[in-house]
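[1] sharing a sequence plus its predicted fold:
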Amino acid sequence: MRILVVEDDKDVAGFVVRGLREAGHVVEHADNGRDGLFLAASETFDAVVLDRMLPGGIDGLKILETLRGQKNTVPVLILSAMAEVDDRVKGLKAGGDDYLTKPFAFAELLARVEALNRRGKGEGPVTKLVVEDLELDLLSRQVKRAGQKVDLQPREFRLLEYLMRHAGQVVTRTMLLEGVWDYHFDPQTNVIDVHVSRLRQKVDKPFPTGLIHTVRNAGYMLRAE
Amino acid sequence: MIARGLFRSAGFRFGAIYALLLAVSAAALALFLWWATAGLLDRQTEAAIAGDARGLADRLATGGLPALIVTIEDRLTQNIDDDAIYLLAGPDMQRVAGNLSHWPQSVTDAGSWYELPIMRGGMKSLASVHRYELPDGFHLLIGRDVQVRAQLRTLLTDALLWAVVVVLLMATAGALLVRGLFRRTLANVSATASAIAGGDFAQRVRLTGRGDEFDQVAEVINDMLDRIGRLMDGVRQVSNAIAHDLRTPITRARTRLEDAALHAKTPDDLRAAIERATMDLDGIVAVFQALLRIAEIEAGSRRSSFARFDLAPLLAEIAELYSLVAEDRGAVLVLEAPDTLQAYGDRAMIQQAIANLIDNAVKFSPKGSAVRLSAVVSTIISIAVCDQGPGIAHGDRERATDRFYRGESARSTPGSGLGLSLVLAVAQLHGGELRLEDNAPGLRAVLTLPLPEVEDIAGRSKVRQGQHRQ
C-alpha cells in the first residue's frame, strides 16, 4: 500500500512511518498541513493517516474537507488527541473513514489502516465469503467448514463474517467491539476474547487446522495456515 | 456627567418612564376636561350668536331697518339671562339701537370673533362678539356676556395648574419608589454575585418567598450557582484523584523501566519489562479516558444527542455480550425484562452505564452464582443488576461512586475505581439516580431513569408520566 502520513510530531511520525514501512508499505510523510494537502491532492495514495492538529495554518479537518470537496475519495484515518464523542463525530462527518485517538498502539493503527484499504476498494455486493475450506453464505446465513455445516448464533455469525471480511489482516479487539457490537468504549473484562474463544470452539476445534489466530499484543487474524 | 450617570441607572430609567407615563395620562385627562367644559361653553355661545344673526337677517330682509330695530329691542327685553348684547350702528358708527353705548374701537373686521371688556349698566364685564355688515352702510354687533364663563375658565385653569403640580410631585415620588424597589431587589442579587466573585461560594440569593418574577430569577441564579459549585467540586476531586491515585501506576511503570535498564541481563528480559511498562501506561491512558468521559457527561454537553429508543434490545445485547464472560467464570447471567421498553436519553451512554454495572457484577461473582439483569417500569424505569459477590459494606456505599474509590474487597481485582462514577454521572445527566443496595449476599445496583415524555392522542402537548426529574 502507498500511504501518506501527515503528522507534525517528529517522534510519533518517525514511529508510524518506520512501523508502516516494516509492515511492507510505501510511506510518504508531511510534517505540516500545507505539504500534506499538496501531496494528498497531487499524488495517488491507498490511504492517508491524518493528524487533526497541524502547524502551517491548515489543520487536518481542513485538508479532509478540501480533499472531499475535490471528490477525492482516498480512505482517511484521522489520528487525534481529541477524544470526546463530539470530536469523533465531527471528524467522521468531515469525511474521515476512521478515527483513532492518541495515544494509540501501533498494532491498532496498522490494523485500521489496512482495513481502510479494503473498504476503499468497494468490492461490490458479496454473497459468499471463502477462506480455505471455510465458507460463509451471506444470503442463506449458513456456515460450512470442509463441507460440514457449522451451527452459529446470530452474533457468532456476525463475528465470523467480520473476521472473514478482513481475512489476512489483524483485527483488534476495539475494531471487533465497534464493528460487531457497535460499542464505542472499552469494557474492563475480556468480553471479546471469550466470544472469539467460543467461536473457535465451533469453527476450529473439530477440524485439524485452526483458522482464527491470536496476534500477540494486537488482536486476531483469520487466515489460512 | 451626573445626568448621564443617572440615566445609565436602570432604576432611574424605570422611575423616569413611570413619571413620564403618569404625566402624559394626566395631561390627556386635563385636555379632555377642558374640551368638555370650557370648550363646550365656547361652542354654545358661538352657535347662539350665529342663530341670532340668522333671525335678525330674516327680519331685515322682510321688514327693513325699522323691523330690525324693533326686533332688537324686543329681544333685549325678553332676554331673561340678561347676557345678550346687540348694537346697531349707522354708517357714522353712531348707535342706532342696542344695549351698548358706543361701538367698541377694536372690533373692525366682519367675520372674526372678538373677546373684549365692556361696560354695561355701570358694571365691567367681558363679552364675546361678532360683527356683521348690513346694507346702506349699517353695522350690526351681536354678542354674549361671557363674564360667568370666563370665571369658570379661570377656575378650571387654576385647578388644572394645581393638578399639574400634584402630578409632578406624585410622579417624582412614584419614580423614587420604583427606583428604590428596583435597587433593593437587584442589590440582593448583586451582593451575592460580588460575594461569590470574592471567593465565598456558599452565598446564595435570598428569596422573598413571594414566588414572583424576582424570586424566579433568584431561583434560576441559585440553581446555576449550585451547578457551578458541583462542577467545581468535580474538578477539584478529579485533580486530587489524579495527583494521588495515578501516582501508583506511574511509579510502577517507571520502576519497571528503570529496573530493566539497570538489571536486565538478556534482551528478552528487557523486552518483557518494556511490554509490561507499556501495559501499565495503557492502563493510565484508560483511566484518563474514563475521567474525560465522566467529565464530558457531567458537563451535560451530550444532552443534544438525547432521543427516544427501545431499551429492551439494548439490555438483550448487553446480556448476550456478557453471558459468555459470566459462563467463563462459572456463573450465569439472567435477563428479566419486558419485550419492549421505551426510554429517552443518550443510547450509547446508557449502554455503557449498564455495561459497567454488569462488568462489576460479573467480575465479583463467585463460581456457581447468578447475576441478574432486570428492568421494571413503574412511574420510572428501574434497571437493576444483582450479584452474589462480596457486595459493598454499608458504610462504604456512599463513597462507592467517588472517583477512584475502591472498596476493601475490590483491592485485589483489576479496575480503575471509575466504573460507578460513570454510572452515577449518566444517571444524573438523565435525571435519574443510582442506588446501591444489599442483595444479601451481594450487591444490588439500581439505575433509574425517568419515563420518556408521552404525546397525547392529538400529539400536541407533551406530558411527563413520572415526576422523577430533578
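    The structure has been received and is ready for your questions. Numbers count the residues shown, from 1 in each chain, chains lettered A, B, ... in the order given.

[2] which parts of chain A sit against chain B?
    Residues of chain A that fall close to chain B, judged by C-beta under 8 Å from any C-beta of the partner chain: A:83-86, A:101, A:103, A:105, A:155, A:181, A:183-191, A:194-195, A:198, A:217. (Glycine included, C-beta is placed from N, CA and C.)

[3] just the buried subset of those, please.
    Burial by neighbour count, 16 or more other C-beta atoms under 10 Å in any protein chain shown: within the residues of chain A next to chain B this picks out A:83-85, A:101, A:105, A:155, A:181, A:183, A:185, A:187-189, A:191, A:194-195, A:198.

[4] could you identify the most distant pair in these?
    Largest separation among those by C-beta to C-beta: A:Glu84 and A:Arg198, giving 33.8 Å.

[5] need the three-state assignment for the residue lying closest to B:Pro104 once chain neighbours are set aside.
    Using C-beta to C-beta, 6 or more residues apart in numbering or on different chains and skipping residues adjacent in sequence, the residue nearest B:Pro104 is B:Leu116, 5.7 Å away. When classified by DSSP: H, G, I helix; E, B strand; the rest coil, B:Leu116 comes out as strand.

[6] roughly how far does B:Leu116 sit from A:Arg34?
    Between B:Leu116 and A:Arg34 the distance is 97 Å, computed by C-beta to C-beta, to the nearest Å.

[7] what does A:Gln201 give?
    Using C-beta to C-beta, A:Gln201 is found at 54 Å from A:Arg34.

[8] so between these two, which is more surrounded?
    Neighbours were counted for A:Gln201 and for A:Arg34 using other C-beta atoms under 10 Å in any protein chain shown; A:Arg34 has more, 14 against 11.

[9] check contacts around the more buried one.
    A:56-58 (C-beta atoms under 8 Å, 6 or more residues apart in numbering or on different chains).

[10] help me confirm that it is found in a helix?
    Yes: under three-state DSSP, A:Arg34 sits within a helix.

[11] tell me the pLDDT of it.
    Looking at A:Arg34, its pLDDT reads 90.

[12] can you pull the contacts of the closest residue to chain A within the stretch 301-450 of chain B?
    Closest contact between the stretch 301-450 of chain B and chain A, by C-beta to the nearest C-beta, is at B:Leu324 (4.4 Å). Taking C-beta under 8 Å, 6+ apart, we find B:Leu324 in contact with A:191, A:194-195, A:198.

[13] so which of these belong to helices?
    Members of the contacts of B:Leu324 lying in helices (criterion: DSSP state H): A:191, A:194-195, A:198.

[14] please report the distance of the residue positioned nearest the centre of chain A from chain B.
    What sits nearest the mean C-alpha location of chain A, by C-alpha atoms, centre = their mean, is A:Arg112, with 2.4 Å. Separation of A:Arg112 from chain B (C-beta to the nearest C-beta, to the nearest Å): 17 Å.

[15] and what of A:Asn32?
    27 Å.

[16] how about A:Leu54?
    Remark: distance between A:Leu54 and chain B (C-beta to the nearest C-beta) = 22 Å.

[17] least confident secondary structure element in chain A?
    helix A:106-121 (a mean of 80; mean pLDDT, DSSP states H and E).

[18] give the contact list for B:Phe14.
    By C-beta under 8 Å, 6+ apart, the residues touching B:Phe14 are B:178-179, B:182.

[19] wait, which of those residues is closest to chain A?
    Of all those, B:Phe182 has the smallest distance to chain A: 41.8 Å, by C-beta to the nearest C-beta.

[20] tally of neighbours for residue 116?
    Because you didn't say which chain, this covers chain A. 21.

[21] look at chain B instead
    Close neighbours of B:Leu116, defined as other C-beta under 10 Å, add up to 13.

[22] that one contacts B:Trp103, doesn't it?
    No: counting by C-beta atoms under 8 Å, B:Leu116 stays clear of B:Trp103, with 11.4 Å between them.

[23] buried residues in stretch B:72-85, which are they?
    Under the neighbour-count criterion of 16+ other C-beta under 10 Å, stretch B:72-85 has B:72, B:75, B:83-85 buried.

[24] which two in the residues you listed are spaced the farthest apart?
    B:Ile72 and B:Asp83 (15.0 Å).

[25] counting by contacts, list what the helix or strand hosting B:Val129 packs against.
    Assigned by DSSP states H and E, B:Val129 belongs to strand B:123-133. Packed against strand B:123-133 by the contact rule (3 or more C-beta pairs under 8 Å, 6 or more residues apart in numbering or on different chains; DSSP states H and E) you find helix B:38-78, strand B:113-120, strand B:139-145, helix B:147-197.

[26] which of these is buried the deepest?
    strand B:139-145 (a mean of 22; mean count of other C-beta atoms under 10 Å in any protein chain shown).

[27] what lies in contact with that strand?
    Strand B:139-145 is contacted from outside by B:45, B:48-49, B:52-53, B:56, B:82-90, B:93, B:98, B:100, B:103-104, B:107, B:118, B:120, B:125-134, using C-beta under 8 Å, 6+ apart.

[28] B:Ile381: which of the ones in helices among the contacts of B:Leu324 is nearest?
    The shortest approach to B:Ile381 among the ones in helices among the contacts of B:Leu324 belongs to A:Val191, at 24.6 Å (C-beta to C-beta).

[29] count of neighbours near B:Leu225?
    By other C-beta under 10 Å, 18 other residues sit near B:Leu225.

[30] now name the helix or strand holding the closest residue to it other than its chain neighbours.
    Excluding the flanking residues, the one nearest B:Leu225 by C-beta to C-beta, 6+ apart is B:Arg204, at 6.4 Å. Per DSSP H and E, B:Arg204 falls between elements, in no helix or strand.

[31] show me the contacts for whichever residue of chain A sits closest to chain B.
    Nearest residue of chain A to chain B, counting by C-beta to the nearest C-beta: A:Val194, 4.4 Å away. By C-beta under 8 Å, 6+ apart, the contact list for A:Val194 reads B:324-325, B:327-328.

[32] may I ask which two of the residues you listed are separated the most?
    The widest separation within the contacts of A:Val194 (C-beta to C-beta) is 7.3 Å, between B:Val325 and B:Glu327.

[33] ok, the residue in the stretch 51-200 of chain B that chain A sits nearest to - contacts?
    Here the stretch 51-200 of chain B gets closest to chain A at one residue, B:Ile196, 28.9 Å apart by C-beta to the nearest C-beta. Applying C-beta under 8 Å, 6+ apart to B:Ile196 gives the contacts B:203, B:225.

[34] which non-adjacent residue is nearest whatever residue of the stretch 1-150 of chain B ends up closest to chain A?
    Residue nearest to chain A within the stretch 1-150 of chain B (C-beta to the nearest C-beta): B:Ala10, separated by 38.7 Å. Once flanking residues are discounted, B:Ala10 sits nearest to B:Phe182: 6.7 Å by C-beta to C-beta, 6+ apart.

[35] touching, that neighbour and B:Ala16? I think so.
    No: judged on C-beta under 8 Å, B:Phe182 makes no contact with B:Ala16 at a distance of 11.9 Å.

[36] low-confidence regions, the stretch 251-400 of chain B specifically.
    Across the stretch 251-400 of chain B, residues meeting the criterion (pLDDT under 70) sit at B:301-302.

[37] among the buried residues of stretch B:72-85, which one lies nearest to B:Thr401?
    Lowest distance from B:Thr401 to the buried residues of stretch B:72-85 (C-beta to C-beta) belongs to B:Asp83, with 98.2 Å.
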